[in-house]
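Asker: Test case, fold it:
(2 chains)
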Amino acid sequence: MKIVVCIKQVPDSTAKMVVEGGKVSWGDAPLIMNPWDEYAVEAALQQKEALGGTLTAVSIGDESTKEALKRALAMGADDAILISDPVLGYMDTQGIAQILATAINKIGGVDMAFFGRQAIDADAGLVPVQAARLLGWPALTLASVIKIEGGNVRVERGIEEGRQIVTSKLPVVFSLTKDFGEPRYPSFMGIRKAARAEIPTWSLSGLGIPAPVPVIAWPEIMMPPVKEVTCEFITGSSPEEIAETLATKILAEKVL
Amino acid sequence: MNTFVFIDHFKGNALPSSWEAVGVGKTLGNVTALILGSGVEALGKTAFEFGADEVLLVDDPALADYRAEAFAANFSKLAAEQTPDLLVFPTTTRGRELAGMVAIDLKTGVMVDVTALEAAGDKITVTRPIYAGKLLTKETCSTKPQIITLRGRAFPKPPQQAGKSGTLTKVPAVAGDFPTRVEGYTTSESGVSLADANVIVSGGRGVSNNPALTPPAGLDEKAAEIWRAQQGFALVKDLAASLGAAVGASRAAVDGGYIPYAHQVGQTGKVVSPDVYIALGISGAIQHLAGMRTSKMIVAINKDPEAPIFKLARYGVVGDLFQIVPSLTAAFKKKMGK
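Answerer: Numbering: from 1, shown residues only, chains lettered A, B, ... in the order given. Okay, the predicted model is just below:
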């Protein structure tokens, strides 16, 4: 099996985000592999272990993005590719999906591509389905259980009403949620291997495509309005009295 | 402006955010509701009552179960033929992925999870949260049709006008051999979806450490912790039941194995915006606050007076949730006549 996992590097989820001079800043918070993508790497590794084959991690970004790819290598990916090009600036999801789908086609013979459900920075959750559409593969999104046998795929996927059980045939795109199960930690050997790994860089001309022109623009980024709330602490001589006062106050707000 | 609205439903039951989407479309002009499914003509009548001017109904046994590829093919074909200015989807699991696929089919872009919008002529500018709501961004789309998905509960549900009707057109389904089959469903234990809930009662790590409880003999430390947490979540669920609320949880509670992931609220769980959010034993990590900060009213019960959750709370109680929550459940039952 030839397996690809697509990952993104993002500011840590604990980062305090601010807008300074119209630009987004996360202070000195570290950049990490998008937390959802860790589930994608885990799911991809489980298929590689079950079916045999190779796992290639792919990301788009500048040189620093190699750190996220090294995390995937340390977790157990066999190799990694960084797509980087000085002409790449802001991209919308359509452009990112186009680059990733082109890279997957260039790798060639890929049986399945794994994605996290969304990146915790832009929170769009569109790239997995858009890449699938461009590849012409089915998208099995929000997968929590994946079983593959003889090229037949069966997933349980999370929907509002519970889980939907869907079958398909390879090749497919999966997107993963936390429901899949905890991602593994990199092993000591994995970290050593990743530290020494040479990660090739592919340019857009290598992929044979021009820089995608974004159709979605972000004309203004803002801090959310600060909600002025003063907490009124409810006290009383007994739990019953506190509960009675609290229930009365909540109902008086007429939001229920 | 001519708008297509995707009516998201499960077995003929529309998700409330579908009607919110119809309402938004109506503020901009003419609304055509797209209903895809099998045996779902009755939804057309409801769509008119919520304000749709026209309904395009694709009713076919092949669409009995939602399959992304089949639904996207039908939606894209109709949008390509009728060239609406705007396509609106609710930000549901189905709505989000369909919007993404249709954008590729129509060579345009998507603006997801919109919480506000303004129109100038037939061009719209939207506002949406990024970084789990730590920031907001405005977005525009330079191509047509513009596609948006609306965050649930960010826009009002329009009033239902009984008997209002409009033009319903039946459209044959796109013939095609789509690559997926649906084998079935497992339904979730709770009937209330977090995204649509008016009221959410959530439990955190604090629900697992009731000092008054003695776990059954023979449990190891972890099993005893989970046993304690389950007793604690029973109180959370009782309070939720008394209010007709959905049950949420912090990441700590989910990672602790106290409750399934489907209940997680926060940056790596669900982002919710109910009228009332009651946080029990939740300290308020930044990732949790990101998932519930837009709730209209937040109530917190925690034993730590310094817990960050109190900074967002309208009402707070510093105390033992195991004593207060059962009393609160009783008080609501009495006051709400249940």
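
Asker: Could you report the neighbour count for residue 8?
Answerer: Using chain A here. 22 (other Cβ atoms under 10 Å in any protein chain shown). C-betas here are computed from N, CA, C, even on glycine.

Asker: ah, I was thinking of chain B
Answerer: 26.

Asker: Could you do residue B:45 as well?
Answerer: Residue B:45 has 15 nearby residues by other Cβ under 10 Å.

Asker: give the contact list for it.
Answerer: Each residue near residue B:45 by Cβ atoms under 8 Å, 6 or more residues apart in numbering or on different chains is listed here: residue B:165.

Asker: for it, helix, strand, or coil?
Answerer: helix (DSSP: H, G, I helix; E, B strand; the rest coil).

Asker: Could you identify the longest helix within the chain?
Answerer: All of this is about chain A. helix A:35-51 (DSSP state H).

Asker: The chain in question should be chain B.
Answerer: Max-length helix for chain B by DSSP H is helix B:221-243.

Asker: how about the helices in the chain?
Answerer: By default, I'm working from chain A. So, for chain A - with DSSP H - the helices run A:35-51, A:66-75, A:93-107, A:127-135, A:188-196, A:204-207, A:239-252.

Asker: I was thinking of chain B, sorry if that wasn't clear
Answerer: With DSSP H as the criterion, chain B has helices spanning B:16-28, B:41-49, B:68-82, B:93-105, B:221-243, B:251-255, B:286-292, B:321-335.

Asker: Would you convert those into CSV that also reports mean pLDDT?
Answerer: Compiled in CSV, those are given as follows (pLDDT from 0 to 100):
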stretch, mean pLDDT
helix B:16-28, 97
helix B:41-49, 98
helix B:68-82, 98
helix B:93-105, 98
helix B:221-243, 94
helix B:251-255, 94
helix B:286-292, 91
helix B:321-335, 96
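
Asker: Comparing these, which comes out most buried?
Answerer: Greatest average neighbour count among the helices of chain B goes to helix B:93-105 (a mean of 26), per mean count of other Cβ atoms under 10 Å in any protein chain shown.

Asker: So, low pLDDT: which residues of the stretch 1-150 of chain A?
Answerer: Counting by pLDDT under 70, not a single residue of the stretch 1-150 of chain A qualifies.

Asker: which residue is nearest the middle of chain A?
Answerer: residue A:116 (3.3 Å; Cα atoms, centre = their mean).

Asker: Please name the residues that touch it.
Answerer: Residue A:116 neighbours (Cβ under 8 Å, 6+ apart): A:7-8, A:34-40, A:175-176.

Asker: from the residues you listed, which are also near chain B?
Answerer: A:35-36 (Cβ under 8 Å from any Cβ of the partner chain).

Asker: and which of the contacts of residue A:116 is nearest to residue B:110?
Answerer: Of all these, residue B:110 sits closest to residue A:175, with 15.5 Å by Cβ to Cβ.

Asker: what about the strands in the stretch 151-300 of chain B?
Answerer: For the stretch 151-300 of chain B, the strands defined by DSSP state E, counting those that start in this stretch cover B:167-170, B:181-187, B:199-203, B:246-249, B:276-280, B:297-302.

Asker: hang on, the earlier thing: what I need now is the helices of chain B written out in TSV, including distance to residue A:227 for each item.
Answerer: Formatted as TSV, these follow (distance: least, Cβ to Cβ, whole Å):
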stretch	distance to residue A:227
helix B:16-28	22
helix B:41-49	35
helix B:68-82	37
helix B:93-105	27
helix B:221-243	23
helix B:251-255	22
helix B:286-292	11
helix B:321-335	24
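
Asker: Of those helices, which is nearest residue A:51?
Answerer: Short answer: helix B:68-82, nearest of the helices of chain B by Cβ to Cβ, at 24.1 Å.

Asker: Return the set of buried residues in the top strand by length along chain A.
Answerer: For chain A, the longest strand by residue count, based on DSSP state E, is strand A:139-149. By 16 or more other Cβ atoms under 10 Å in any protein chain shown, the buried positions in strand A:139-149 come out as A:139-144, A:146, A:148.

Asker: surely residue B:328 meets residue A:245?
Answerer: No - in this structure, residue B:328 is not within contact of residue A:245 by Cβ atoms under 8 Å, at 10.1 Å.

Asker: on that earlier part again, does the longest strand of chain A come close to chain B?
Answerer: Yes - Strand A:139-149 reaches chain B (Cβ under 8 Å from any Cβ) through A:139-142.

Asker: residues from the stretch 51-200 of chain A in reach of chain B?
Answerer: Taking Cβ under 8 Å from any Cβ as the contact definition, the stretch 51-200 of chain A meets chain B at A:92-94, A:97, A:120-126, A:129-130, A:132-134, A:137-142, A:154, A:156, A:158-169, A:177-179.

Asker: give me the number of residues near residue A:223?
Answerer: 12.

Asker: so who does it touch?
Answerer: Counting by Cβ under 8 Å, 6+ apart, the residues that residue A:223 touches are A:18-19, B:135-136.

Asker: Apply 7 Å and report the result again.
Answerer: Listed by Cβ atoms under 7 Å, 6 or more residues apart in numbering or on different chains, the contact partners of residue A:223 are A:18-19, B:135.

Asker: cool, and residue A:69?
Answerer: If you count contacts by Cβ under 7 Å, 6+ apart, residue A:69 has them with A:57, A:59, A:80, A:82, A:199.

Asker: Output those residues in TSV, with neighbour count appended to each entry.
Answerer: Below are the contacts of residue A:69 laid out as TSV (neighbours: other Cβ atoms under 10 Å in any protein chain shown):
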residue	neighbour count
A:57	30
A:59	26
A:80	25
A:82	20
A:199	18
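
Asker: Redo those residues as TSV? Include distance to residue B:11.
Answerer: Below are these laid out as TSV (distance: Cβ to Cβ, whole Å):
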residue	distance to residue B:11
A:57	39
A:59	40
A:80	43
A:82	45
A:199	48
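
Asker: From those residues, which land in strands?
Answerer: A:57, A:59, A:80, A:82.

Asker: how about the residues of the stretch 101-250 of chain B near chain A?
Answerer: B:101, B:103-105, B:108-113, B:130-143, B:179-188, B:193, B:195, B:199, B:243 (Cβ under 7 Å from any Cβ of the partner chain).

Asker: For PyMOL, write the selection for the buried entries among the residues you listed.
Answerer: In PyMOL syntax, the buried subset of those is picked out as below (16+ other Cβ under 10 Å):
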select buried, chain B and resi 101+103+104+108+109+110+111+112+113+130+131+132+133+134+135+136+137+138+139+140+141+179+180+185+188+193+195+199+243
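
Asker: Spit out the contact partners of the residue nearest the centre of chain B.
Answerer: Nearest residue to the geometric centre of chain B (Cα atoms, centre = their mean): residue B:195, 2.4 Å. Shown in contact with residue B:195 (Cβ under 7 Å, 6+ apart): A:160, B:152, B:270, B:272.

Asker: Name the member of those residues with the most neighbours.
Answerer: residue B:152 (26 neighbours).

Asker: what's near enough to touch that one?
Answerer: With Cβ under 7 Å, 6+ apart, residue B:152 has these contacts: B:17, B:90-91, B:195-196.

Asker: how about those residues, which pair is most distant?
Answerer: B:91 and B:196 (11.5 Å).

Asker: what about the two, which has more around it?
Answerer: residue B:91 (24 against 18).

Asker: confidence score at residue A:251?
Answerer: pLDDT recorded at residue A:251 is 92.

Asker: residues near it, how many?
Answerer: Quick note: residue A:251 (other Cβ under 10 Å) scores 14 neighbours.
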